[in-house]
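Undergrad: Provided below for reference: sequence and predicted model.
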Amino acid sequence: MNRKDGRVQDPVGMREPRDARESLNPSRNEEGVGRSAASCPSVWVVILAGGEGNRLRQFVRLVLGAERPKQFCCIVGTRSMLRHTWDRARQIVPPDQIVTVITAGQERHLEDEPSGGVSQHVLVQPANKETGPGVLLPLLWIAQRAPAATVVVFPADHFIWEEARFLAYVRAAVRASQCFRDRLVILGVEADGPEQSYGWVAPGPPCDAGTGVELYQVRRFWEKPDRETAARLFASGHFWNTFVLAGHLQAFMRAASEALPDTLRSLSAAAPFLGTRYEAEALALAYRRLLPANFSRTLLAGQPDVLLTMPARGVYWSDWGDPQRILRTLRRFDRRPAWLPVYARTLAHGAEGALARSK
């Protein structure tokens, strides 16, 4: 196994065949929606990369020999999860319309990234106060530069197999959000099990945005339901929430003013200093006042009436938040990165030790 600061070089990688990607891409969405979204100067992308990766910390340490959050790791292949996300974003907007959010102490991991295609705008949070501040901080930064912007939010820790098809749906979501300027569009995916660690979206009546894809009002949103509820949601055919969102900047702000007023107020006080030499000091003061706030639990679950959902059908998507999801993905696509045998032996030894201790 070739290790270098947590970067495993895997000759197999996880790239799907080019012809498969192209055949899965809805041509009408790719050509029609894609071109208009990518060429529009009012579309921006926010990438959430400030998580600490606590649930994968031991896994990363074991298989990669590194102490870094998962989004900065090359878990499979030669690109970090953040690099994969940057590459997706660059197919939607130019690099100067991408804003990446990290947390203090993570700057050193960006130095390991090859320079080409790296986000030009990086905001450093003094502390990780969950996704509420993580989303609102870059929105306030964009508001000072492009107040009429449409914004797409990408988490930096997702695995997506049919990327071309998924990005066609993202472009369609941008177009839909420009038709429904007071709504936020959530991309959902078809669930393949009663997952308790994801958010779930119950679609309501259909909407017509002229995008050629399904679009629904949201009847209800659940964040990390209990086992019984998750089983019921799966049986009902509801969607997993990808946390990939598109919406007009003002739609985000109006929703946040209702669901996260204290967070928005504190960050708004620091907003005039973003991009100045006083930025770090202003953010430190604002974040000392902030309580952790989860965007999904407070805003999405609390305000389903401001949401629309677009199911990204025919897309394999996974939030790589725990080792089992990573292993399920590897099995599904028959991929064997260099670290897999080592991890399998470690698990086997751990199981044997647990069995011996139980006797």
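TA: Structure received.
Undergrad: where does pLDDT dip in the stretch 201-350 of the chain?
TA: Under the criterion of pLDDT under 70, the regions of the stretch 201-350 of the chain flagged as low confidence span 211, 348-350.
Undergrad: mind listing the helices for it?
TA: Counting by DSSP state H, counting those that start in this stretch, residue ranges of the helices within the stretch 201-350 of the chain are 227-235, 249-259, 261-270, 279-289, 295, 323-332, 340-358.
Undergrad: show me what contacts the most centrally placed residue in the chain?
TA: With distances taken as CA atoms, centre = their mean, residue 155 lies nearest the centre of the chain, 1.7 Å away. Residues in contact with residue 155 (CB atoms under 8 Å, 6 or more residues apart in numbering) are 47, 48, 85, 243, 244, 319. C-betas here are computed from N, CA, C, even on glycine.
Undergrad: so of the residues you listed, which ones are in strands?
TA: For the contacts of residue 155, membership in strands holds for 47, 48, 243, 244, 319, with DSSP state E as the criterion.
Undergrad: in TSV, list those residues along with neighbour count and distance to residue 260.
TA: Shown next, in TSV, are those (neighbours: other CB atoms under 10 Å; distance: CB to CB, whole Å):
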residue	neighbour count	distance to residue 260
47	25	20
48	21	15
243	21	16
244	24	19
319	18	22
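Undergrad: and of those, the nearest to residue 271?
TA: residue 48 (18.2 Å; CB to CB).
Undergrad: residue 101 is in contact with the closest one, correct?
TA: Yes - taking contacts as CB atoms under 8 Å, residue 48 lies within contact range of residue 101: 5.7 Å.
Undergrad: which neighbours do these two share?
TA: Common neighbours of residue 48 and residue 101 (criterion: CB under 8 Å, 6+ apart): residue 134.
Undergrad: strands of the stretch 101-250 of the chain, start to end?
TA: Applying DSSP state E, counting those that start in this stretch to the stretch 101-250 of the chain gives strands spanning 121-125, 150-155, 158-160, 184-190, 199-206, 216-223, 239-248.
Undergrad: and which of the contacts of residue 155 is nearest residue 216?
TA: Checking these against residue 216 with CB to CB, the nearest one is residue 244 at 15.8 Å.
Undergrad: picking that back up, most packed of the helices of the stretch 201-350 of the chain?
TA: Across the helices of the stretch 201-350 of the chain, the average number of neighbours (mean count of other CB atoms under 10 Å) peaks for helix 295, which reaches a mean of 26.
Undergrad: of all the strands of the stretch 101-250 of the chain, which one comes closest to residue 339?
TA: Ranking those by proximity to residue 339 (CB to CB) places strand 158-160 first, at 15.9 Å.
Undergrad: state the mean pLDDT of that closest one.
TA: Confidence over strand 158-160 (mean pLDDT, whole number) is 96.
Undergrad: sheet partners, orientation included, of it?
TA: Strands that pair with strand 158-160, judged by DSSP bridges, come out as strand 317-319 (antiparallel).
Undergrad: go ahead and name everything in contact with the partner strand.
TA: Surrounding strand 317-319, the residues in contact under the criterion CB under 8 Å, 6+ apart are 155, 157-161, 166, 189, 197-198, 240, 242-243, 325-326, 328-329.
Undergrad: picking that back up, look up how far residue 232 lies from the residue nearest to the centre of the chain.
TA: 26 Å (CB to CB, to the nearest Å).
Undergrad: next: residue 295.
TA: Counting by CB to CB - residue 295 and residue 232 are separated by 24 Å.
Undergrad: swap in residue 253?
TA: Using CB to CB, one obtains 34 Å as the distance from residue 253 to residue 232.
Undergrad: what helices or strands is the helix or strand where residue 87 lies leaning on?
TA: Assigned by DSSP states H and E, residue 87 belongs to helix 81-89. When contacts are defined as 3 or more CB pairs under 8 Å, 6 or more residues apart in numbering; DSSP states H and E, helix 81-89 packs onto strand 43-48, strand 98-103, strand 150-155, strand 158-160, helix 163-179.
Undergrad: quick one: buried residues of that helix?
TA: 81, 82, 83, 84, 85, 86, 88, 89 (16 or more other CB atoms under 10 Å).
Undergrad: and the pLDDT at the third one?
TA: It stands for residue 83. Confidence score, pLDDT, at residue 83: 95.
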